[in-house]
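**Q** Sequence plus the predicted model coming up.
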Amino acid sequence: MKGWNSAIKNAKNYLEPIANLAITNPWAERLFRFGYAAKGVVYAIVGWLAASAALGPGGRTTGTRGALRSLVNQPFGRILLGFVAIGLSGYVLWRLVQAIMDTENQGTDAKAIIVRLSYAGNGLIYGGLAVTAVKIIFGEVDIDNGYGSIDWTALLLAQPFGQWLVGTVGALVIGLGFYEFYQAYTAKFCRKFNLNEMSDTEKTWATRIGRFGLAAKGVVYSIIGFFLIQAARQSKSKQVRGLEGALDSLARQPYGRWLLGVVSLGLIAYGVYYIVQARYRRIHSTACRARTIQKS
């Protein structure tokens with residue numbers, strides 16, 4: 001653990017000046033909040049399209065990349081998608097700042113390091129989505145929601161103990177789904193809000209929407225994890241399903257339209273939950289700026 005802490009410290013010393021540049025910019029907090037709103041818009045679109053599929057044959061399920069494709073086909077779509085790309089970039093930057101600057105005061109023990117690495121990993125995932133948005137703006141059309149998942153799963157399966165590796169990832173994803181259920185049940189996410197700026201009605205609805213959205217995300221993660229374990233058991237990367245595949249599998253179950261309808265409404269709620277965070281979330285960039293000034 002001592003060597004690990006030393007590596008973390010060296011990485012922080014290298015990356016902290018870059019993070020400081022972002023933090024000290026007066027527009028930083030606005031960009032970070034815009035990032036939460038952009039993520040919320042993407043998931044709201046995913047939920048809306050899935051709800052349309054649940055209501056009738058004219059709709060279709062899709063993942064986050066498909067949501068970006070649907071947005072660009074709207075009036076002024078490329079402009080709207082450009083704003084989403086900027087917002088997602090802001091979200092990526094904030095997640096990296098959280099990991100490097102420890103804005104949530106996690107510390108440097110083993111659990112804290114895992115949490116902070118999860119911030120960075122989440123940022124990289126949405127960095128890929130931001131890049132996809134830019135590619136779509138410039139005319140790339142071959143965007144498939146499933147190929148990326150299949151590619152990395154095939155790579156893992158080709159390694160020694162590859163089936164165990166993929167199965168472990170699947171179990172972790174299911175664990176993440178249950179963590180979302182836990183968050184929905186306890187409503188601890190409310191601690192992230194500036195509650196003193198919210199009315200009682202806003203607090204009530206933010207809690208309800210957040211719970212519903214997190215529960216829906218938990219369902220989706222659990223299904224994705226199940227497909228990963230199936231891929232590990234059968235050693236077939238084509239068994240892997242992303243967000244779109246998870247929604248499709250719901251639609252094919254008995255009472256599938258009802259199940260898909262409930263989860264799609266939950267994903268819309270998840271998107272609204274992130275838009276609420278854009279307004280009311282505690283962003284600790286001010287505290288980070290203060291620490292930066294003190295150090296200098």
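**A** Sure, I can see it.

**Q** Quick check: closest non-adjacent residue to the residue nearest in space to the middle of the chain.
**A** Residue closest to the mean C-alpha point of the chain, counted by C-alpha atoms, centre = their mean, is residue 122 at 6.2 Å. Leaving aside its sequence neighbours, residue 122 sits nearest to residue 95 (C-beta to C-beta, 6 or more residues apart in numbering; 5.3 Å). For every residue, glycine as well, the C-beta is placed using N, CA and C.

**Q** Okay, that neighbour and residue 54: tell me how far apart.
**A** When distance is defined by C-beta to C-beta, to the nearest Å, residue 95 is 32 Å away from residue 54.

**Q** cool, residue 92 as well?
**A** Distance of residue 92 to residue 54, given as C-beta to C-beta: 31 Å.

**Q** helices or strands up against the one helix or strand residue 247 maps to?
**A** Here residue 247 sits within helix 243-251, counting by DSSP states H and E. Helices and strands touching helix 243-251, by 3 or more C-beta pairs under 8 Å, 6 or more residues apart in numbering; DSSP states H and E, are helix 28-55, helix 200-234, helix 256-280.

**Q** So what's the model's average confidence on the second one?
**A** By that I understand helix 200-234. Mean pLDDT, helix 200-234: 90.

**Q** wait, doesn't residue 280 sit right on residue 206?
**A** Yes: assessed by C-beta atoms under 8 Å, residue 280 is found in contact with residue 206 at 7.2 Å.

**Q** which residues do those two both contact?
**A** Counting by C-beta atoms under 8 Å, 6 or more residues apart in numbering, the contacts common to residue 280 and residue 206 are 193, 198.

**Q** burial count for residue 244?
**A** As a burial measure, residue 244 scores 22 neighbours (other C-beta atoms under 10 Å).

**Q** Need the pLDDT of it.
**A** Confidence at residue 244, expressed as pLDDT, is 76.

**Q** From what I see, it and residue 67 are in contact.
**A** No: counting by C-beta under 8 Å, residue 244 does not reach residue 67; the two are 9.7 Å apart.

**Q** Any buried residues in stretch 106-118, and which?
**A** Buried residues in stretch 106-118, defined by neighbour count with 16 or more other C-beta atoms under 10 Å: 106, 113, 115, 116.

**Q** the inter-axis angle of the helix or strand containing the second one versus helix 28-55?
**A** Residue 113 is part of helix 110-137, with elements assigned from DSSP H and E. Calculated by axes from the mean of the first three to the mean of the last three C-alpha atoms, to 10 degrees, helix 110-137 forms an angle of 70 degrees with helix 28-55.

**Q** Against which helices or strands is helix 110-137 packed?
**A** helix 64-72, helix 77-101.

**Q** what's the average pLDDT for the shortest one?
**A** When you say that, I think you mean helix 64-72. Helix 64-72 shows a mean pLDDT of 86.

**Q** Can you tell me what sits against that helix?
**A** For helix 64-72, contacts defined as C-beta under 8 Å, 6+ apart pick out 42-43, 45-46, 49, 62, 77-78, 80-81, 84, 129, 132-133, 136-137, 143-145, 243-244.

**Q** Looking at the buried residues of stretch 106-118, spot the one nearest residue 27.
**A** Using C-beta to C-beta, residue 116 is the member of the buried residues of stretch 106-118 that lies nearest residue 27, at 24.4 Å.

**Q** so how far is residue 281 from the closest one?
**A** Residue 116 sits 18 Å away from residue 281, going by C-beta to C-beta.

**Q** now do residue 271
**A** Per C-beta to C-beta, residue 271 is found 15 Å from residue 281.

**Q** Of these two, which one has the most company?
**A** Taking neighbours as other C-beta under 10 Å, residue 271 and residue 281 compare with residue 271 leading, 24 against 17.

**Q** Isn't that one up against residue 49?
**A** No: applying C-beta under 8 Å, one finds residue 271 not in contact with residue 49, separated by 11.7 Å.
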